[in-house]
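> Fold the following and give me the result.
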Amino acid sequence: MTNTTAPELRRELGLFGATLMGLGSILGTGAFVSIGIAAGVTGPSVVLATALAALVATCNALSSAQLAAAHPVSGGAYEYGYRLLTPAAGFSAGWMFLCAKTASAATAALGFAGYALHLAGLDQGGARIGLAVGAVLVLTALTAGGIKRSNTANTLIVSITIGALLAFIVGVAAAGLRNGAGNLAPFFGGVNSGRDPGAAFLQATALMFVAFTGYGRIATMGEEVHDPRRTIPRAIVTTLFASAAIYILLALAAVASAGAPAMSDAVEAAAAPLEVVASAHAWPGVAWLVGLGAVTAMLGVLLNLILGLSRVLLAMARRHDAPKLFAAIHAGSATPVAAVWMVGLGIAGLALLGSVKTTWSFSAFTVLVYYAINNLAALRLPKEDRLYSPLWAWGGLAACVFLAFWVEPAIWMAGLGLIAGGLIARALGQRVFGMGATR
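Numbers count the residues shown, from 1 in each chain. Here you go, the predicted model:
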């Protein structure tokens, strides 16, 4: 391994690049897949669930912004938990991030394959899983080439995605005005959740919360951002407000024009609800543009998740919570190549499950636990490092803990089992192999 000894990552991202990195992480699976899933769970009130999820995300985003400004290192809540809470809390955050975002990335890969095959007019079948795995491997190779190359690809991807989403909103507006009165009533009540309307609404809010968590990617890239104390908070806030406005308009336009049952059916059939809605209700050509935007959006999410996951794995390896191999940085690309490929192979393995609803629900629980720890760490920041009132962190903590247990019981029980299993494995690693670190 003589070519993996360079000691540091490079600061290549400014405000524009960091903001687009956040938008590239957010405007993907949530926009093109999860709105359809959540609409099936709670019906037209997915619009309100999206707004509530954005409010919860704002609380968490302000915690992330001030933590990242005070501690501009790779690793996000894993590092904050270690430094401000306990090593076990830090490890739990890192472990949950790896689980949550690996599942999110697998969802993005499957969503990409669904949209790409639909766009090409090909049968979904087993080809969807094969194409998803192939996309993961190609983007893993691109990410291993360095942050500058990844940033250039992300800028192109996000530009196409935003253009496609705006075209969808404008393209179905006439159908939304014509059909909205019928499609938005009754406002509460899902299509396929089997739960009472209140529980279904909270479940949908938890599912939509995951869609906003891409802003955290900016924090996990703390060692690759210029002037992090100034740049990271601005990039996170800009990313969140822009994406919240787009999501709320998108949910309203989609449900008003086509109705929640049609969106839910489109997810089950092809994991491509927006394209199906655009085909039936938008101007000619919009459906094709939405399909193209979905393809690029899913690729953008995948790209950014591979980046973020690999940096958290790098941070865990530095503290001996993961094998030392993953802390090595390639001399030429200034990238943790082994960590990048480990992450890519994990995503590809999860994509083989083939179910976007299962992977998204699992991601919802684990990422809510991750941000609960993030808010706890924000409450421990010294007064001189705080940028915002602690009430934001308290609000984010309460919302994360509350929403986490509104996903399906089998999902949150599996998540709790993963936390316990991870902590047990860490304890065994410390005892047998001398792994693990103290603050």
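
> show me where pLDDT drops low in the stretch 151-300 of the chain?
Along the stretch 151-300 of the chain, segments meeting pLDDT under 70 span 190-194, 269-271.

> Please enumerate the helices of the stretch 201-350 of the chain.
Listed in chain order, the helices of the stretch 201-350 of the chain (DSSP state H, counting those that start in this stretch) span 216-220, 228-258, 260-270, 273-281, 286-318, 337-351.

> Make JSON lines from those helices and add mean neighbour count and distance to Ser159 to it.
(Glycine included, C-beta is placed from N, CA and C.) Formatted as JSON lines, the helices of the stretch 201-350 of the chain follow (neighbours: other CB atoms under 10 Å; distance: least, CB to CB, whole Å):
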{"stretch": "helix 216-220", "mean neighbour count": "30", "distance to Ser159": "18"}
{"stretch": "helix 228-258", "mean neighbour count": "22", "distance to Ser159": "13"}
{"stretch": "helix 260-270", "mean neighbour count": "20", "distance to Ser159": "25"}
{"stretch": "helix 273-281", "mean neighbour count": "24", "distance to Ser159": "18"}
{"stretch": "helix 286-318", "mean neighbour count": "26", "distance to Ser159": "9"}
{"stretch": "helix 337-351", "mean neighbour count": "23", "distance to Ser159": "24"}
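
> and Ser104, which of the ones you listed is closest to it?
helix 286-318 (6.1 Å; CB to CB).

> got the angle between the closest one and helix 337-351?
130 degrees (axes from the mean of the first three to the mean of the last three CA atoms, to 10 degrees).

> if we can go back for a sec, nearest approach to Gly28 belongs to which of the helices of the stretch 201-350 of the chain?
helix 286-318 (3.2 Å).

> just to revisit the earlier point, quick one: closest of the helices of the stretch 201-350 of the chain to Gly176.
That would be helix 228-258 among the helices of the stretch 201-350 of the chain, by CB to CB, at 3.6 Å.

> Measure how far the closest one is from the centre of its chain, please.
Helix 228-258 sits 13 Å away from the centroid of its parent chain (CA atoms, centre = their mean, to the nearest Å).

> With stretch 93-102 instead?
11 Å.

> Report the mean per-residue pLDDT for that stretch.
The average pLDDT within stretch 93-102 is 84.

> thinking again about what came up before, distance to Ala70 added to the helices of the stretch 201-350 of the chain, as JSON lines?
Formatted as JSON lines, those follow (distance: least, CB to CB, whole Å):
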{"stretch": "helix 216-220", "distance to Ala70": "11"}
{"stretch": "helix 228-258", "distance to Ala70": "8"}
{"stretch": "helix 260-270", "distance to Ala70": "40"}
{"stretch": "helix 273-281", "distance to Ala70": "39"}
{"stretch": "helix 286-318", "distance to Ala70": "16"}
{"stretch": "helix 337-351", "distance to Ala70": "24"}
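
> And these: which comes nearest Pro87?
Per CB to CB, nearest to Pro87 of the helices of the stretch 201-350 of the chain: helix 286-318, 11.1 Å.

> Just want the angle from that closest one to helix 273-281.
Interaxial angle, helix 286-318 versus helix 273-281 (the same axes, to 10 degrees): 170 degrees.

> heads up, I number from 531, so please use that
Shifting the count to begin at 531 puts that one at helix 816-848.

> how far does helix 816-848 sit from the chain's center?
Using CA atoms, centre = their mean, the offset of helix 816-848 from its chain centre is 8 Å.

> Distance of Val577 relative to Val563?
17 Å (CB to CB, to the nearest Å).

> Met751 contacts Gly552, doesn't it?
No - look at Met751 against Gly552 with CB atoms under 8 Å: they stay out of range, at 9.7 Å.

> circling back: more neighbours: Val577 and Val563, which one.
Using other CB atoms under 10 Å as the criterion, Val577 and Val563 rank with Val563 on top: 31 against 24.

> So the more buried one sits against Val806, correct?
No - Val563 lies out of contact with Val806 (CB under 8 Å); the separation is 11.8 Å.

> that older thread, which stretch among the helices of the stretch 731-880 of the chain comes nearest Tyr645?
The closest of the helices of the stretch 731-880 of the chain to Tyr645 is helix 816-848. By CB to CB, the value is 3.9 Å.

> can you pull the contacts of the closest residue to Val873 other than its chain neighbours?
What sits nearest to Val873 in space, not counting adjacent residues and going by CB to CB, 6 or more residues apart in numbering, is Leu839, at 4.3 Å. By CB atoms under 8 Å, 6 or more residues apart in numbering, the contact list for Leu839 reads Phe627, Leu628, Lys631, Thr632, Ala635, Val873, Ile877.

> what mean pLDDT does whichever helix or strand Val897 is part of have?
Val897 is located in helix 886-909, with elements delineated by DSSP states H and E. When pLDDT is averaged over helix 886-909, the result is 78.
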